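Visitor: structure, please.
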Amino acid sequence: MDGAGTTSAMADVTGQATWVRAAARNNAEWCAAVCRAHGVNGEFGDDAWTSSRRTPPLYPDAVTLTDRLAPPTSTEPESGRSGTVRPGSLSPLTGLLSRIDTVCPGCSVKDSFACLDLTPAGFEVLFEAQWIHRPAPAPTVQAPASAHTPTYQITWDALTTPDDLPAWASAWGAGPGDCGPFRPELLADDATTFLRARSADGRVVAGAVATVSASVVGLSNVFTAPEADAYGYAPRNTWAACLATVAARWPRLPVVGYESGADLEAAVANGCRTVGPLRVWWRRA
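Guide: This is a model prediction of the structure:
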């Protein structure tokens, strides 16, 4: 590889790392918003967002914001002396875990850079995924021939009142009469927008949550309901329309998020690229 090629490759790696950091921060802000709606207030540090109280189901107790955790501090005396412990006497990972509740079963950590080993602390890998990024403005991507063509008109808009939430949550997969981890208070959060796709008869067939932060808009909870198949709607249709809706609302902001499986394929098919892996760790007990 010549010098120009090396420089280009290094710039691309650097750019990807920048988007991973932006995506991790945006996702932590969404997690923090969900927790606040449940009366749980987390804390942002330079290296991670953490919650000392157990977070709502499906939401992590910590989200790392950098691949280098901050060294822990302590007011415990060392060898009879008051003050902080000597540098290096506690690991940065110990410092991170000391900020969350690891006693109650179900503690989880979103390892945004897939660089931690929490196995010695009793954690196991819950799932792995890829951070994604799509620049602004949105590129024009032609739907592949294999994608379903909707046979009914599908329109996208945003939830505006708490009365809209149950139908959205049900299509997302919440139980009957249950909105899952989503509280009505989230609809009053200026940074949060619940997007939905509805058929002509008013059925919610797809949706997502958009979280706007300083430099990006993050997409999470992107779903295509099982009922969508009856309307000729597949994940690729969901991603194409969802990204178009986001571009119309926030045309100057790049899109970030994380996905795996069919939704990752659908996102990439519609102009997103993968920029780095993440890993979620879970502690059973």
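Visitor: right, and the helix or strand after whichever strand or helix holds residue 156?
Guide: Counting by DSSP states H and E, the secondary-structure element that holds residue 156 is strand 154-158. The first helix or strand that comes after strand 154-158 along the chain, using DSSP H and E, is helix 165-172.
Visitor: what about that next one, average pLDDT?
Guide: Within the predicted structure, the mean pLDDT of helix 165-172 is 97.
Visitor: residues in contact with it?
Guide: 159, 176-180, 182, 184, 187, 194, 196, 203-207, 221, 223, 225, 227 (CB atoms under 8 Å, 6 or more residues apart in numbering). C-beta: built from backbone N, CA, C; applies to glycine.
Visitor: try 7 Å this time
Guide: The contact list for helix 165-172 (CB atoms under 7 Å, 6 or more residues apart in numbering) reads 159, 179-180, 182, 184, 187, 194, 196, 204-205, 207, 221, 223, 225.
Visitor: mind listing the strands the strand holding residue 156 pairs with, and their directions?
Guide: In its sheet, strand 154-158 lies beside strand 192-199 (antiparallel), with partners assigned from DSSP bridges.
Visitor: can you tell me what sits against the strand it pairs with?
Guide: Residues outside strand 192-199 that contact it (CB under 7 Å, 6+ apart) are 33, 152, 154-159, 168, 186-187, 204-211, 231, 238, 241-242, 245.
Visitor: buried ones among the residues you listed?
Guide: Neighbour-count burial within the contacts of strand 192-199 applies to 33, 154, 156, 159, 168, 186-187, 204-211, 231, 238, 241-242, 245; the criterion is 16 or more other CB atoms under 10 Å.
Visitor: on that earlier part again, farthest-separated two in the contacts of helix 165-172?
Guide: Comparing every pair within the contacts of helix 165-172 by CB to CB identifies 184 and 205 as the most remote, at 22.1 Å.
Visitor: which residues in this structure form strands?
Guide: Assigned by DSSP state E, the chain shows strands spanning 43-44, 48-50, 62-64, 107-111, 124-134, 154-158, 192-199, 204-212, 217-224, 255-259, 273-283.
Visitor: out of those strands, nearest to residue 95?
Guide: Of those, the one closest to residue 95 (CB to CB) turns out to be strand 48-50, at 9.4 Å.
Visitor: and that closest one, which strands flank it?
Guide: Applying DSSP bridges to the sheet, strand 48-50 is found paired with strand 43-44 (antiparallel), strand 62-64 (antiparallel).
Visitor: so how far is it off the chain centroid?
Guide: Taking the mean C-alpha point of strand 48-50 and that of its whole chain, the gap between them comes to 14 Å (CA atoms, centre = their mean, to the nearest Å).
Visitor: which residues are contacting that strand?
Guide: Where contact means CB under 7 Å, 6+ apart, the residues beyond strand 48-50 that reach it are 28, 31-32, 42-43, 61-65, 69, 96, 99-100.
Visitor: let's see 8 Å
Guide: For strand 48-50, contacts defined as CB under 8 Å, 6+ apart pick out 28-29, 31-32, 42-43, 61-66, 69, 96, 99-100.
Visitor: now stretch 247-261
Guide: Counting by CB under 8 Å, 6+ apart, the neighbours of stretch 247-261 from elsewhere in the structure are 19, 22-23, 26-27, 127-138, 193, 210, 212, 215-220, 222, 243, 246, 267, 272, 278.
Visitor: this completes my enquiry, with thanks.
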